[in-house]
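Here is my input, please return the structure:
(2 chains)
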2 protein chains.
Amino acid sequence: MRALVIGGAGFIGSHLCDSLLELGHKVGCLDNFSLGTKENIKHLSERKDFILYEADASERKKLRGVFQDFHPDYVFHLAANSDIQASAVNPDVEYRNTYTTTFEILSAMRECGVKKMFFASTSAVYGDKRDIELDENTPGLAPISYYGAAKLGSEGLISAFSYMNDIQSLVFRFPNVIGSRLTHGVIYDFIERLKKEPEHLRILGDGKQTKPYIYVLDLVRAVIQFMETGNQGVTLYNIGVEGDTSVTRIADTICKEMGLKDVSYEYTGGEGGWKGDVPRFRYCLDKIHEAGWKAEYSSDEAVRKTVQEVLKES
Amino acid sequence: MRALVIGGAGFIGSHLCDSLLELGHKVGCLDNFSLGTKENIKHLSERKDFILYEADASERKKLRGVFQDFHPDYVFHLAANSDIQASAVNPDVEYRNTYTTTFEILSAMRECGVKKMFFASTSAVYGDKRDIELDENTPGLAPISYYGAAKLGSEGLISAFSYMNDIQSLVFRFPNVIGSRLTHGVIYDFIERLKKEPEHLRILGDGKQTKPYIYVLDLVRAVIQFMETGNQGVTLYNIGVEGDTSVTRIADTICKEMGLKDVSYEYTGGEGGWKGDVPRFRYCLDKIHEAGWKAEYSSDEAVRKTVQEVLKES
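Numbers count the residues shown, from 1 in each chain, chains lettered A, B, ... in the order given. Model (predicted):
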């Protein structure tokens, strides 16, 4: 199969490229390197079954050129802003990098007759529903971040384009995803800051923000397992793990793995890390478990493993 | 109050301008005249409490200029593509006229500190759920038209911008809206075509597409009644009427009102009028009824009244 991974040099995208190549697929990797890095895909650069396209998926002409050159059978759409704090102060980032990329990718698929896609959605589409277990049919989707809004809008586009153009779409609503090649987020930030200043750590919020963290290779395995839906229209799963991890627990794990003792934590206070941050959520995972996938690593295990890998990489 | 009606020269927007002026509000009317007409607001042009801005709400600089000139307290956002058949062949229309207008309007409100808005959403956000009665909490929103997708995306944006910027938003999911000043849609089209060719009428689909039609002034009355929500975030209502009307019944009503007999109907066949058309839907109206609003005209009555008015106007 000819798989076009858009956002393929990013944290999750680059792991997906690895897995698709291992399975014998030909991979086109499109990235604008706004968050993705050359480093993430350096080990693939010599392969003949890997083609790199440096382009922005929101630019129609360039994107069409890539479609016409690569002729994908399958599009994996992981191009989005993933730095939610950044877009909280500048919603334009989500309009361009998250919604417009989706619109342009679907328009290119429509024009070029590509009939299969995967889309990385998010728990943020639900909004703040901390008191209920979220399943795929939870009503009243009410995002509180521009990020969640742009992802919900993208899901709407995928629904309509899939119906209108007989496209088979797989959509996962991701929790927090972590693992090697992380470029930002709480684990990455804490490690960077503790390396500079090992006695003291500033923590946004009250440290009790508690979320499920999934290990990136668990997630990529699920994408591969379900990518051929065989169903017209959208197939949607919440994807997640056993348990969850608080921000303070993450800090503790990092200090332990770095061999730091008596680090003083300074909490900025408040429930969320920033406005638009959902401090807690829980997923019902029955649908994906019954379909035959389960994460290997729990949330705490994923955090520990990621800390070890990020420390090794840095 | 200073009310900015975006799409204010359109079919619904112009009636809303009338009602707001009657209530003593100062009205700014912004329109790009893509679907709106000068005719719809001609009767207001001499008023000192009415200012017309000819601009496109998707153009940031011009929109900001209007906000800075008019200083609205309240924004009524009715700027959107409403010709769903047109966007079915060109999804760009929805991206620009429906989604981007919403994004730019919310961005302008954010920048200029406007804290109240109304948004015209649609039953199309639900997708094809013909077998259930749709209430505001019906899960699994899955639009099958680009129009429905762009409106769902807009709802997501309104949710996030309202939360992030303490905006009070009122969102109605409209059914089919009809009345004087119609510019397109099944009633308008049938009348135009029967005037040219009174013996014969071509009807898209099987004529059994059956939807609730609301009379425009019933709808405007609801907007006025609920516009001050008093609640932070989004207040959402399905708005509709008693009963529904099939396309064939509309054709019969028009023929009767035009005094035409023995018109031969030619059905193009199939359930929907076009791909992406939801052939039937039913609303649960408990929420808006319990809040104290009810339509004066049933669907059939709204159709008859509209036919009479459109015939008089044309």
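
Chain B contacts on the stretch 1-150 of chain A?
Residues of the stretch 1-150 of chain A lying close to chain B (CB under 8 Å from any CB of the partner chain) are A:88, A:91-92, A:95, A:99-100, A:103, A:106-107, A:110, A:125, A:127, A:136-146, A:148-150. (C-beta placed from N, C-alpha, C; glycine too.)

Would you check how far apart residue A:124 and residue A:60 are?
In this structure, residue A:124 lies at 27 Å from residue A:60, with CB to CB, to the nearest Å as the measure.

So for the two, which residue has more residues nearby?
When residue A:124 is set against residue A:60 and neighbours are counted by other CB atoms under 10 Å in any protein chain shown, the residue ahead is residue A:124, at 27 against 16.

Contact partners for that one?
By CB atoms under 8 Å, 6 or more residues apart in numbering or on different chains, the contact list for residue A:124 reads A:84, A:143-145, A:147-148, A:151, A:278.

Give me the number of neighbouring residues for the nearest residue to it once chain neighbours are set aside.
For residue A:124, the nearest residue in space outside its immediate sequence neighbours is residue A:148; the separation is 3.2 Å by CB to CB, 6 or more residues apart in numbering or on different chains. Burial of residue A:148 is recorded as 29 neighbouring residues (other CB under 10 Å).

quick one, phi psi at residue A:148?
Main-chain dihedrals, residue A:148, degrees, to the nearest 10: phi -60, psi -40.

Likewise for residue A:118?
In terms of degrees, to the nearest 10, the main-chain angles of residue A:118 are phi -120, psi 140.

Test my guess that it contacts residue A:227.
Yes - look at residue A:118 against residue A:227 with CB atoms under 8 Å: they come within range, at 5.9 Å.

picking up where we left off before, out of the contacts of residue A:124, which are inside helices?
Secondary structure of these is defined by DSSP state H; positions in helices are A:84, A:147-148, A:151.

And for the closest residue to residue A:127 other than its chain neighbours, the neighbour number?
Spatial nearest neighbour of residue A:127, excluding adjacent residues (CB to CB, 6+ apart): residue A:142 at 3.8 Å. Counted with other CB under 10 Å, the burial measure for residue A:142 works out to 23 neighbours.

need the next SSE after the helix or strand where residue A:39 lies, C-terminal direction.
Assigned by DSSP states H and E, residue A:39 falls within helix A:38-41. Elements were assigned by DSSP H and E; along the chain past helix A:38-41, the next helix or strand is strand A:50-54.

What's the mean pLDDT across that following strand?
The pLDDT scores in strand A:50-54 average 98.

Show me what it is packed against.
Under the contact definition 3 or more CB pairs under 8 Å, 6 or more residues apart in numbering or on different chains; DSSP states H and E, strand A:50-54 sits against strand A:26-31, helix A:60-70.

list the buried ones in that strand?
Of all the residues in strand A:50-54, those buried under the rule 16 or more other CB atoms under 10 Å in any protein chain shown are A:50-53.

List the residues that contact residue A:183.
Contact partners of residue A:183, counting by CB under 8 Å, 6+ apart, are A:10-11, A:35, A:37.

coming back round to it: and residue A:118 and residue A:227? Which one has more around it.
With neighbours defined as other CB under 10 Å, residue A:118 and residue A:227 compare such that residue A:118 has more, 24 against 18.

isn't residue A:167 right up against residue A:119?
No - between residue A:167 and residue A:119 no contact is recorded; they are 10.8 Å apart, counting by CB under 8 Å.

So these two - more neighbours on which side?
residue A:119 (24 against 21).

what does the stretch 151-300 of chain A put close to chain B?
So far as CB under 8 Å from any CB goes, the stretch 151-300 of chain A lies against chain B at A:152-154, A:156-157, A:159-161, A:163-164, A:233-234, A:275-276.

And the contacts of stretch A:203-212?
A:175-176, A:240-241, A:243-248, A:251, A:265-274, A:277, A:279-283, A:299.

so who does residue A:19 touch?
Neighbours of residue A:19 in contact, by CB under 8 Å, 6+ apart: A:220-221, A:223-224.

Identify the farthest-apart pair in these.
Distance extremes for the contacts of residue A:19: the farthest pair is A:221 and A:223 at 7.4 Å, using CB to CB.

So between the two, which is more surrounded?
The neighbour count for residue A:221 versus residue A:223, taken as other CB under 10 Å, is higher for residue A:223 (21 against 16).

Double-check that one against residue A:77; I have them as touching.
No - taking CB under 8 Å as the definition, residue A:223 is not a contact partner of residue A:77, at 11.3 Å.

what do those two both touch?
In terms of CB under 8 Å, 6+ apart, residue A:223 and residue A:77 are both contacted by the residues residue A:118.

among the contacts of residue A:183, which are in strands?
Using DSSP state E, the subset of the contacts of residue A:183 located in strands is empty.

are any of the residues you listed buried, and which?
For those, a neighbour count by 16+ other CB under 10 Å gives the buried set as A:10-11, A:35.

Now intersect those residues with the helices, please.
Restricting these to those inside helices, with DSSP H as the criterion, leaves residue A:11.

helix/strand/coil for residue A:228?
coil (DSSP: H, G, I helix; E, B strand; the rest coil).

Could you list which residues are in contact with it?
A:116, A:168.

Can you name the helix or strand that the residue nearest to residue A:97 when sequence neighbours are not counted falls in?
Distances taken as CB to CB, 6+ apart place residue A:81 nearest to residue A:97, at 4.2 Å, with adjacent residues excluded. No secondary structure element spans residue A:81, as it lies outside all helices and strands (assigned by DSSP H and E).

so who does residue A:81 touch?
Taking CB under 8 Å, 6+ apart as the contact definition, residue A:81 lies against A:35, A:87, A:93-94, A:97-98, A:147, A:150.

on that earlier part again, quick check: of the contacts of residue A:183, which lies closest to chain B?
Minimum separation from chain B among the contacts of residue A:183 (CB to the nearest CB) is found for residue A:35, which lies at 20.6 Å.
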